[in-house]
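**Student:** Next one to model:
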Amino acid sequence: MLVKPPGWPREVRPPDAPDWERSACNWLLDQCPADFRAYPALRKHPVVLARFAVLHVEANQAACRRGLSEARSGLRDVAQPDIIEAAVLTWQAEEARLLGVRRGAELVEEALRGRRYVARL
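**Tutor:** Numbers count the residues shown, from 1 in each chain. Okay, here's the model as predicted:
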């Protein structure tokens, strides 16, 4: 039975389903900068692509944390308080989104490396 663990990206077919690796690569590329599509090593080696994607998402998470920590002090001279609060809410929303993307990318990487999940009763 094909099992998708919690956090598995809905755009990616379950491991071992027909074309699952292609759907995984397409999703992983969607999580990366568009320029990554031009690198043959990433397009030809799904596990390498997955590692790049995970690291890229982690870097974006670090950027969100920095943005949150600097938002109020770094923007107070250039923006009104309501705009700064909107920026903080945006950083928080992006941080939450990236948490899910990172979980999905890590699960896809594990599956590409051969890990499979079994349904439990």
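**Student:** remind me which residues of the chain are low pLDDT?
**Tutor:** 1, 121 (pLDDT under 70).
**Student:** buried sites along stretch 19-33?
**Tutor:** For stretch 19-33, burial by neighbour count (16 or more other CB atoms under 10 Å) applies to W20, E21, S23, A24, C25, W27, L28, L29, Q31, C32. (Glycine included, C-beta is placed from N, CA and C.)
**Student:** next one: stretch 72-90
**Tutor:** Buried residues in stretch 72-90, counted by 16+ other CB under 10 Å: L75, I84, A87.
**Student:** Start and end of it, how far apart?
**Tutor:** End-to-end distance for stretch 72-90: 13 Å, by CA to CA, to the nearest Å.
**Student:** Next: stretch 27-36.
**Tutor:** End-to-end distance of stretch 27-36 (CA to CA): 12 Å.
**Student:** Contacts for it, please.
**Tutor:** 9, 11-12, 37, 42-43, 46, 49-50, 52-53, 56-57, 101, 104-105, 108 (CB atoms under 8 Å, 6 or more residues apart in numbering).
**Student:** Out of these, which end up buried?
**Tutor:** 9, 12, 42, 46, 49-50, 52-53, 56-57, 101, 104-105, 108.
**Student:** okay, those residues in CSV with distance to Q92 and secondary structure next?
**Tutor:** Formatted as CSV, the buried ones among the contacts of stretch 27-36 follow (distance: CB to CB, whole Å; DSSP: H, G, I helix; E, B strand; the rest coil):
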residue, distance to Q92, secondary structure
P9, 22, coil
V12, 26, coil
L42, 30, helix
P46, 32, helix
L49, 29, helix
A50, 27, helix
F52, 26, helix
A53, 23, helix
H56, 20, helix
V57, 17, helix
V101, 15, helix
G104, 19, helix
A105, 20, helix
V108, 25, helix
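**Student:** picking up where we left off before, now, which of the buried residues of stretch 19-33 sits nearest G67?
**Tutor:** Q31 (18.8 Å; CB to CB).
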